[in-house]
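Peer 1: build me a structure from this.
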Amino acid sequence: MLFLGIACIPLVVLCDIRLTLWIGDALSRLQARQDPDFLARLFASLLGVAALQGVFRFLQRWWIVGVSRSVEIELKQELFDQLTRLPLAFHVKSRSGDIVSRLTSDVENVRMLLGPGSMYVLGSLFMVPGSLFVLYRISPLVTLAMAVPLLFVAIAMKVMTPRLQRLSGSVQESLADLSARAQESFAGIRVVKGYGLARHEVARFSAASAENRRHQLDLARARGLQDAWIHLSYDLAFLPILVAGGWAMISSALDVGDLFKFVDLGFKVFWPVIALGWIAGLYPRAVASAERIDEVLHTQPTIVDPPRPRELPGVQGELALNDVSFTYEDAPRPALTGIRVRVPAGTTLGVVGPTGSGKSTLLNLLGRLFEAQGEIRLDGVPVRELRLDTLRGALAYVPQDSFLFSDTFRANVEFGAEHPLDRTALTKLVEQACLTNEVASFPDGIEQEIGERGVTLSGGQRQRTCIARALARDPRVLILDDALSAVDTETEARLLVNLRAAGEGRTVVIAAHRLGSLRGAEQILVLREGRMEALGTHEELLLRSSWYRETWERQRMSAELEHED
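Peer 2: You can find the predicted model right below:
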């Protein structure tokens, strides 16, 4: 399609020049008062060539711009695919607003250069030399005089393009910052309103907007200066035509038809040149955008499938961690050090410890959301030797933030399943997650729209919806990262009973602050500052771990006081 579109460009130019030459010759013949009978033939010829030019111009635009749209779609998909491949560490340090900017405005800038930009550039490459060649054969002197302003345009573009590219990069970065500010403010609107800091956020957005305005104005000044220079050259181009062409007419070296050819082709030469001025402003932005896109596309995923993956046909769910450690990038100390624990299939491992002890980090390592030092095995096979789809397909992970999509309750639960669920299966999952009464109160039942990030649900309802989503996958290993923190103790007790009943033979790894949630676990791991303090059952830890014993007594007394109240 691209080659067909490019092939149409010289045909359009040839038709354009031919129309000018025929009209110019007709004016010369009319000035010489020749027989006007040729006008009928000329009219038919002009009409036919003009129609042919219209067809070629349409096809040129349809094919070239169509290709740019196809590139846009593929580039967005490739970016999206790459972003899903990149590890969690990349997304932790990236701003979502910046990523959205690369997916939208940056891709659009590249598309504009590939589509309209390339079409105008190629049109200029055919129109300018072709017209100047025709005019040079008529009068070399007038043609050379008309070409002088073209040199001014080339000089302006040469001088201004590096500056425009630098300023365009600053504009794109400030746009990304502006998008990130808006996204953060509205994603955290509950916190903003809860703390009464709406004015503070308005001020932050205003500062980012002012910074963007400054960069936009700097770019506008540079582009305005370039455009002014190009349009001045365009206006001055007709001065030598009139002066040199006028003297040539006085000396009978040119007739009125030849002068018309210079004026008309002068217009047709300079319009592509003006378009080149527009492209000269677009090109730096497209280059800056392409560099930002390229930065993402060439970021190498650090967590990938092994070259020769091992198969794991029937997952049992046994986990083994051998001297597992992990350090976040630029962190002053390791988040985890020397973790050793074996979790037999079908058992429950509780993970407890003070805030910042490494509980969430440990759970993230099980599915290779981060790459651990040391070795983690699933059913005796190192997880690095398994395909990511195989490993993560055996797990279901319920994170702390209880993220839900802006969709229906059904869609959020089905997100964890391989296939759409019937009403019976959904009802069972709702019961297991202790959500029966809540779903019954929804006006639309399981088809209820729950708003962006589940904003219409309470914290406990969001957590239980995420648990239902995890159970829909029927995983062999269920990972709960403090997923019961917003649930009251009574509902928590019922939920744990349901999970045990629903997960017979399933391995469960659960991090929690409430030790009562883990009392029935076969093993409980106590973490302190990223290290193992103790490992054992509830009764054993009451004897072995001072932190566990003190925390248990404190939580038990607090629960008794609440019960008395």
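
Peer 1: buried residues in stretch 321-335?
Peer 2: Neighbour-count burial for stretch 321-335 flags 321, 324-327, 334-335 (criterion: 16 or more other CB atoms under 10 Å). All C-beta atoms are positioned from the backbone trio N, CA, C, and that covers glycine.

Peer 1: nearest to Glu295 among the residues you listed?
Peer 2: Glu295 lies nearest to Thr327 out of the buried residues of stretch 321-335, by CB to CB, at 24.8 Å.

Peer 1: list the contacts for the nearest residue to the closest one once chain neighbours are set aside?
Peer 2: Distances taken as CB to CB, 6 or more residues apart in numbering place Pro334 nearest to Thr327, at 4.4 Å, with adjacent residues excluded. Pro334 is in contact with 325-327, 530, counting by CB atoms under 8 Å, 6 or more residues apart in numbering.

Peer 1: about what we covered before: which members of the buried residues of stretch 321-335 are positioned in strands?
Peer 2: When DSSP state E is applied, the buried residues of stretch 321-335 are split such that 321, 324-326 fall in strands.

Peer 1: I'd guessed Gly266 sits against Leu239; true?
Peer 2: No: taking contacts as CB atoms under 8 Å, Gly266 lies outside contact range of Leu239: 10.7 Å.

Peer 1: how close does Val67 sit to Val121?
Peer 2: The gap separating Val67 from Val121 is 15 Å, by CB to CB, to the nearest Å.

Peer 1: so between the two, which is more surrounded?
Peer 2: Legend: neighbour count by other CB atoms under 10 Å for Val67 and Val121, higher for Val67 (20 against 16).

Peer 1: which residues touch that one?
Peer 2: By CB under 8 Å, 6+ apart, the neighbours of Val67 are 1-2, 5, 114-115.

Peer 1: so which of Gly266 and Leu239 has more stuff around it?
Peer 2: More crowded of Gly266 and Leu239, by other CB under 10 Å: Gly266, with 21 against 13.

Peer 1: for PyMOL, what selects the buried ones among the contacts of Val67?
Peer 2: To isolate the buried ones among the contacts of Val67 in PyMOL, judged by 16+ other CB under 10 Å, type:
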select buried, resi 5+114+115
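
Peer 1: how about the contacts of Val67 in CSV, adding distance to Met557?
Peer 2: Shown next, in CSV, are those (distance: CB to CB, whole Å):
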residue, distance to Met557
Met1, 75
Leu2, 75
Gly5, 78
Leu114, 69
Gly115, 70
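
Peer 1: reformat the contacts of Val67 as JSON lines; add secondary structure and pLDDT.
Peer 2: Formatted as JSON lines, the contacts of Val67 follow (DSSP: H, G, I helix; E, B strand; the rest coil; pLDDT from 0 to 100):
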{"residue": "Met1", "secondary structure": "coil", "pLDDT": "88"}
{"residue": "Leu2", "secondary structure": "helix", "pLDDT": "88"}
{"residue": "Gly5", "secondary structure": "helix", "pLDDT": "91"}
{"residue": "Leu114", "secondary structure": "helix", "pLDDT": "89"}
{"residue": "Gly115", "secondary structure": "helix", "pLDDT": "89"}
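
Peer 1: am I right that Gly505 is in a strand?
Peer 2: No: Gly505 is assigned coil when assessed by DSSP: H, G, I helix; E, B strand; the rest coil, not a strand.

Peer 1: residue contacts, the closest residue in space to it that isn't next to it in sequence?
Peer 2: Closest residue in space to Gly505, ignoring its immediate chain neighbours: Gly346 at 4.6 Å, by CB to CB, 6+ apart. If a contact means CB under 8 Å, 6+ apart, then Gly346 has 316-317, 504-507 as its contacts.

Peer 1: so for those residues, which is the shakiest by pLDDT?
Peer 2: Lowest in pLDDT among those is Glu504, which has 69.

Peer 1: low-confidence stretches in the protein?
Peer 2: Along the chain, the model assigns pLDDT under 70 to residues 32, 34-35, 187-195, 252-253, 277, 503-504, 559-565.

Peer 1: please spell out which residues along stretch 132-141 are buried.
Peer 2: 132, 134-135, 138-139.

Peer 1: which SSE is immediately downstream of the helix or strand containing Phe56?
Peer 2: Per DSSP states H and E, Phe56 falls inside helix 38-85. Downstream of helix 38-85, the next assigned helix or strand under DSSP H and E is helix 88-93.

Peer 1: centre-most residue in the protein?
Peer 2: The residue lying closest to the centre of the chain (CA atoms, centre = their mean) is Leu103, at 3.5 Å.

Peer 1: state the distance from that one to Ser96.
Peer 2: Counting by CB to CB, the gap from Leu103 to Ser96 is 10 Å.

Peer 1: for Trp247, same thing?
Peer 2: Per CB to CB, Trp247 is found 66 Å from Ser96.

Peer 1: what are the ranges of the strands in the chain?
Peer 2: 319-326, 336-343, 348-352, 373-378, 381-382, 395-398, 477-481, 507-511, 523-528, 531-536.

Peer 1: closest one to Thr456 among these?
Peer 2: Checking these against Thr456 by CB to CB gives strand 395-398 as the closest, at 19.7 Å.

Peer 1: partner strands of the closest one and their direction?
Peer 2: strand 477-481 (parallel) (DSSP bridges).

Peer 1: let's have the contacts of Gly346 in a markdown table, adding distance to Pro420.
Peer 2: What follows is those, written out as a markdown table (distance: CB to CB, whole Å):
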| residue | distance to Pro420 |
| --- | --- |
| Gln316 | 28 |
| Gly317 | 26 |
| Glu504 | 25 |
| Gly505 | 25 |
| Arg506 | 23 |
| Thr507 | 27 |
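
Peer 1: which of those residues sit farthest apart?
Peer 2: Maximum pairwise distance among the contacts of Gly346 (CB to CB): 13.2 Å, between Gln316 and Glu504.
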